[in-house]
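> Give me coordinates for this.
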Amino acid sequence: MKLLTPFYDKHLEYGVTLIDVRGWQLAAVYTSVEEEYRMVRERAGFIDYSFQSAIAVAGRDAFSFLQKILDNDLRKISSGKAIYSSILDETGKIERYHRTIKGELSLMPYEMPGELEEALRTFIDYYNHRRYHEGLGDVTPYDVYTGRHLEIIQQRKEARAGHYR
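Reported below is the predicted structural model:
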């Protein structure tokens with residue numbers, strides 16, 4: 001079975017080359033990689049990530065909860081519609097949680113009020129304070145935020161150098 005994003009018809013209308021990614025029919029190239037790169041750098045671009053993840057939040061306070069943790073204003077959309085957004089931490093910082101949240105949180109059943117909120121709080125704490133990020137030099141976002149990252153990286157280099165002597 002072929003899986004189609006909400007933009008599938010538009011992609012076809014504009015003559016995109018489609019590729020299959022785990023059953024999803026996704027836009028690969030409209031013109032050329034070089035031309036599209038130049039277009040995005042000089043003007044604007046659109047990437048259809050709608051196939052990557054979704055989180056279902058239900059309950060009496062679902063709207064206010066999402067309005068509080070997302071960086072997009074949910075009042076801009078009507079019921080039954082979707083909006084792409086980033087999840088904010090308690091200080092309003094945006095982290096790239098989407099892929100991990102899909103794997104960690106969206107597969108769990110939440111039955112009691114507050115369970116999802118607690119799971120998100122626990123995940124955000126783990127992601128920011130205990131999970132090492134390769135893109136940051138294998139330190140946590142909190143290490144970077146507090147300015148400790150360079151010291152930690154240097155200590156690791158010194159430890160490795162002493163270990164291999």
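
> what's around the closest residue to R75 other than its chain neighbours, how many residues?
Nearest residue to R75 in three dimensions, chain neighbours excluded: Q67, at 7.8 Å (C-beta to C-beta, 6 or more residues apart in numbering). C-beta: built from backbone N, CA, C; applies to glycine. If you count neighbours by other C-beta atoms under 10 Å, Q67 ends up with 13.

> List the contacts of Q67.
D73, L74, R75 (C-beta atoms under 8 Å, 6 or more residues apart in numbering).

> Most neighbours among the residues you listed, which one?
L74 (14 neighbours).

> So what does that residue look like in phi/psi?
phi -70, psi -20 (degrees, to the nearest 10).

> Name the helix or strand for the residue nearest to it when sequence neighbours are not counted, please.
In space, L74 comes closest to Q67 once its chain neighbours are excluded; the distance is 5.3 Å by C-beta to C-beta, 6+ apart. Per DSSP states H and E: Q67 is located in helix 62-69.

> which intervals of the chain have sub-threshold pLDDT?
44-46, 49-50, 52-58, 89-113, 163-165 (pLDDT under 70).

> if you go through it in chain order, where are the helices?
8-13, 33-42, 62-69, 98-104, 115-129, 141-146, 149-163 (DSSP state H).

> Please convert the ones you listed to TSV, extending it with distance to Y84.
Below are these laid out as TSV (distance: least, C-beta to C-beta, whole Å):
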stretch	distance to Y84
helix 8-13	16
helix 33-42	17
helix 62-69	13
helix 98-104	9
helix 115-129	18
helix 141-146	22
helix 149-163	30
